[in-house]
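>>> Here's my sequence, what's the structure:
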Amino acid sequence: MLKNSVTKTIGNTPLLRMTRLKKSLGLKSDIFAKLEFLNPAGSIKDRVAEEIIASAIREGKINAKTTVIEATSGNTGIGLAFCCACRGLKLIVVMPDTMSGERISLMKAYGAEVVLSQGKLGMRGAVEEAERIAASSDNAFLARQFENPANAAAHFKTTGPEIYRDLSNTDYFVAGIGTGGTITGAGGFLKKKLKDVRLVGVEPAASPVLTEGKSGSHRIQGIGAGFVPPLLKRELLYDIVTVSDEDAIYFAKLVASTEGCCVGISAGANVCACVRLAQMERGKNIVTVLPDSGARYISTGLFG
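This next block holds a predicted model:
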């Protein structure tokens, strides 16, 4: 399989039927997980990063001397660093200092400059710092993943169609809400194809902005930004559920020990929400995404 750029290997990730998890928990429905940690830079955000950069180049917003700037909790920064490295572009990433050290090291490995914002200010603080840097820079492109339509478009063009191709009788699609791009894009595509499919969003119980209007600190990196993401189309959603840090970590470990997939904390949150559905609903096909690998969280003590 010859490729001229590693960016051409993004997407078309496997959809895994989680048979051992179903058996171990005695579930009534099947859970299917899209293995997004198999993307070339290791997460679902590779799709978003490539669409943001490629579309900006097509639109003349990025040239060879442009500095790309973005606020991220980690995975988008890694994806952007990877995509920028493939094109020889400079990247500055701003992220809260509470994110895992592995993420910082990976971005630096791809050649990105990493600026740490105060963790207590959450993603809002990182966004404000990224905007400040962009305003003081010449020829800068601010990716703005939380409001850039290319974010949701990436999932509408790729993730959604891939799920539909592999499982055209999907009953539920479950995804954590960070930027809202995955559930709005992939979920939006599935809603166009399957009128009865139900979209379920997941947010941290410790920061229930969407369900209770309250924000707080939590350990589920990648979701629960502390504000309502502009990209989120709430009218598409059937429900939004909350998952505790403890449950997210428990299910991340359970997926590793039952299915052999070492996944991150947000993947554990997604699977937790799916398991709740599979305990209540019989004979349904419940699809989710496993956004990244547990290898990015070793320093957090996720696996003991």
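>>> Got phi/psi on residue 31?
Note on residue 31: backbone dihedrals following degrees, to the nearest 10 are phi -110, psi 130.
>>> how many other residues sit next to it?
27 (other Cβ atoms under 10 Å). To be clear about C-beta, it is placed using only N, CA and C from the backbone, and glycine gets the same treatment.
>>> my guess is it contacts residue 274, does it?
Yes. Contact between residue 31 and residue 274 holds when scored by Cβ atoms under 8 Å: they sit 4.7 Å apart.
>>> Overlap in contacts, these two.
286, 288 (Cβ atoms under 8 Å, 6 or more residues apart in numbering).
>>> need the contact list for residue 219.
So residue 219 contacts 204, 206, 245, 248-249, 265, 300 (Cβ under 8 Å, 6+ apart).
>>> now the strands for this structure?
15-17, 30-35, 67-71, 90-96, 113-117, 140-142, 172-176, 198-204, 239-243, 285-290 (DSSP state E).
>>> so how far is residue 200 from residue 239?
5 Å (Cβ to Cβ, to the nearest Å).
>>> Who has more neighbours out of those two?
It is residue 200, of residue 239 and residue 200, that has more neighbours when counted by other Cβ under 10 Å, with 22 against 14.
>>> residue contacts, that one?
By Cβ under 8 Å, 6+ apart, the contact set of residue 200 is 172-175, 237-241, 273, 277.
>>> same deal with residue 11?
So residue 11 contacts 39, 47, 158-159, 162 (Cβ under 8 Å, 6+ apart).
>>> Now, those residues that are in helices?
Under the assignment DSSP state H, the contacts of residue 11 contribute 47, 162 to helices.
>>> In ChimeraX, select just the buried ones from the contacts of residue 11.
Buried residues among the contacts of residue 11 (16 or more other Cβ atoms under 10 Å), as a ChimeraX selection:
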select :39,47,158,159,162
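>>> from the contacts of residue 11, which is closest to residue 257?
Distance to residue 257, by Cβ to Cβ, is smallest for residue 39 among the contacts of residue 11, at 23.3 Å.
>>> is it true that the closest one touches residue 10?
Yes. The pair residue 39 / residue 10 is scored as a contact, 5.6 Å apart, by Cβ under 8 Å.
>>> Just name the closest of the contacts of residue 219 to residue 106, please.
Looking across the contacts of residue 219 and measuring by Cβ to Cβ, the closest to residue 106 is residue 300, at 14.5 Å.
>>> all helices for the stretch 51-200 of the chain, in order.
75-85, 101-109, 122-135, 149-154, 160-166, 181-193 (DSSP state H, counting those that start in this stretch).
>>> Please consider this matter closed, and thank you.
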